[in-house]
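Visitor: fold the following.
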Amino acid sequence: MAVDQAIRESIAADLWQAERTAQAIDRPSDSHDLDVVDAYEIQLINIRRRLDAGAKIVGHKVGLASEAMQKMMNVDEPDYGHLLDEMKYFEDRPIDTATLCFPRVEVEVGFILGEDLPSDGCTNEDVVAAIEWVVPSIELIDSRIKDWKITLPDTIADNASSCGWILGQERVPLADLDVGNIDATLERNGEIVAKGNSSAVLGNPLNSVFFLARTVGKFGVQLRKGDVILPGTATKAFDIASGDHFVAEFADLGRVTLDFT
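Guide: Below is the predicted model:
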């Protein structure tokens with residue numbers, strides 16, 4: 001049974017404060033019987049708050065799209081969150097870890113849409129036609145909930161644990177790649193810490209975009225031309241420490257780097 005709007009507003013306010021102070025909170029699901037609809041509505045409360053303050057939606061992310069991440073987080077289905085312009089990070093600007101709670105990095109084959117996707121009745125063919133560019137990317141995730149001890153509603157309410165996103169310089173047309181079979185590695189401080197293949201993301205990252213288009217449509221959201229889409233990581237996420245230097249390398253696609261202070 002869904003919780004009432006007052007409880008949704010209260011949880012959203014707690015998550016809002018936690019993000020701005022980098023002080024994590026106890027998980028909301030311990031105190032309230034949240035379902036997925038509750039969680040997305042809580043997420044949207046804080047997204048609207050950020051939009052009212054001047055932020056813009058520039059894309060979406062799919063989380064928990066691989067078996068590795070579902071096992072790591074002890075959940076059994078993907079989720080989604082919003083990407084805002086104020087969440088964009090850059091390769092040449094180190095990130096201050098003191099501003100974050102429990103940051104982690106994920107290696108992702110990203111997409112940029114060249115056309116809107118239909119909000120109702122989206123097909124796989126629509127997804128292929130809409131994607132203009134494939135890009136190397138890293139998603140920075142963070143949990144405003146203590147120690148990443150989360151259920152699916154907790155992470156959804158927390159904007160799918162999203163924190164930021166970084167794109168590499170390369171832009172490759174979708175037709176030039178087999179995006180369902182891209183090998184990727186993650187290097188931390190000169191050591192390879194993960195290897196994966198894009199097929200681990202729901203069999204093909206395009207399936208993740210299809211899931212996303214159909215899921216957001218239920219909440220009145222549409223994927224638009226120019227949107228950045230992060231479909232999920234093929235490996236588990238990795239914790240960050242101050243001073244870390246990460247390099248994500250993608251076969252036939254390029255690389256993206258990220259530094260922390």
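Visitor: how about the residue nearest the centre of the chain, what does it touch?
Guide: Computing the C-alpha centroid of the chain and ranking residues by Cα atoms, centre = their mean puts K61 first, at 3.7 Å. Applying Cβ atoms under 8 Å, 6 or more residues apart in numbering, we find K61 in contact with Y80, G81, H82, L83, E139, A160, S162, W165, I229, L230, P231, G232. In this view, the C-beta of every residue, glycine as well, is placed from N, C-alpha and C.
Visitor: buried set for the helix or strand encompassing it?
Guide: Per DSSP states H and E: K61 is located in strand 57-63. Neighbour-count burial for strand 57-63 flags V58, G59, H60, K61, V62, G63 (criterion: 16 or more other Cβ atoms under 10 Å).
Visitor: of these, closest to V193?
Guide: Lowest distance from V193 to the buried residues of strand 57-63 (Cβ to Cβ) belongs to G63, with 20.0 Å.
Visitor: ok, then the element right after the helix or strand of the chain with the lowest mean pLDDT?
Guide: The least trusted helix or strand in the chain, going by mean pLDDT, DSSP states H and E, turns out to be helix 67-73, with a mean of 59. Scanning forward in sequence from helix 67-73 by DSSP H and E, the next helix or strand is strand 79-84.
Visitor: would you mind pulling the contact partners of that next one?
Guide: Contacts of strand 79-84 (Cβ under 8 Å, 6+ apart): 43, 47, 50, 55-64, 152, 155-156, 159-162, 165, 212, 215-216, 228, 230.
Visitor: strands paired with it, and their directions?
Guide: strand 57-63 (antiparallel) (DSSP bridges).
Visitor: which residue ranges form the helices in the stretch 151-261 of the chain?
Guide: For the stretch 151-261 of the chain, the helices defined by DSSP state H, counting those that start in this stretch occupy 152-157, 205-217.
Visitor: ok, the stretch 1-150 of the chain next?
Guide: Using DSSP H, counting those that start in this stretch, helices in the stretch 1-150 of the chain cover 5-21, 36-52, 67-73, 124-130.
Visitor: tell me which other helices or strands the last one touches.
Guide: Looking back up the chat, that one is helix 124-130. helix 205-217 (3 or more Cβ pairs under 8 Å, 6 or more residues apart in numbering; DSSP states H and E).
Visitor: now the angle from the helix it packs on to strand 79-84?
Guide: 80 degrees (axes from the mean of the first three to the mean of the last three Cα atoms, to 10 degrees).
Visitor: what angle do helix 205-217 and helix 36-52 make?
Guide: Using the same axes, to 10 degrees, helix 205-217 lies at 80 degrees relative to helix 36-52.
Visitor: just give me how far helix 205-217 sits from the chain centre.
Guide: Distance of helix 205-217 from its chain centroid, counting by Cα atoms, centre = their mean, to the nearest Å, is 13 Å.
Visitor: same thing with stretch 187-199?
Guide: On Cα atoms, centre = their mean, the centre of stretch 187-199 falls 18 Å from that of its chain.
Visitor: and the contacts of it?
Guide: 66, 68, 107, 109, 179-186, 204-205, 233-236, 238, 244-249.
Visitor: how does it look with 7 Å?
Guide: The contact list for stretch 187-199, computed with Cβ atoms under 7 Å, 6 or more residues apart in numbering, reads 107, 109, 179-186, 205, 234-235, 238, 244-247.
Visitor: endpoints of it, how far apart?
Guide: From its first residue to its last, stretch 187-199 covers 20 Å (Cα to Cα, to the nearest Å).
Visitor: pull the number of nearby residues for K149.
Guide: 15 (other Cβ atoms under 10 Å).
Visitor: if I pick it, what's in contact with it?
Guide: R27.
Visitor: phi, psi of it?
Guide: Backbone torsions for K149, taken as degrees, to the nearest 10, come to phi -90, psi 80.
Visitor: which non-adjacent residue is nearest C101?
Guide: Nearest non-adjacent residue to C101, counting by Cβ to Cβ, 6 or more residues apart in numbering: A24, 4.6 Å away.
Visitor: that'll do, ta.
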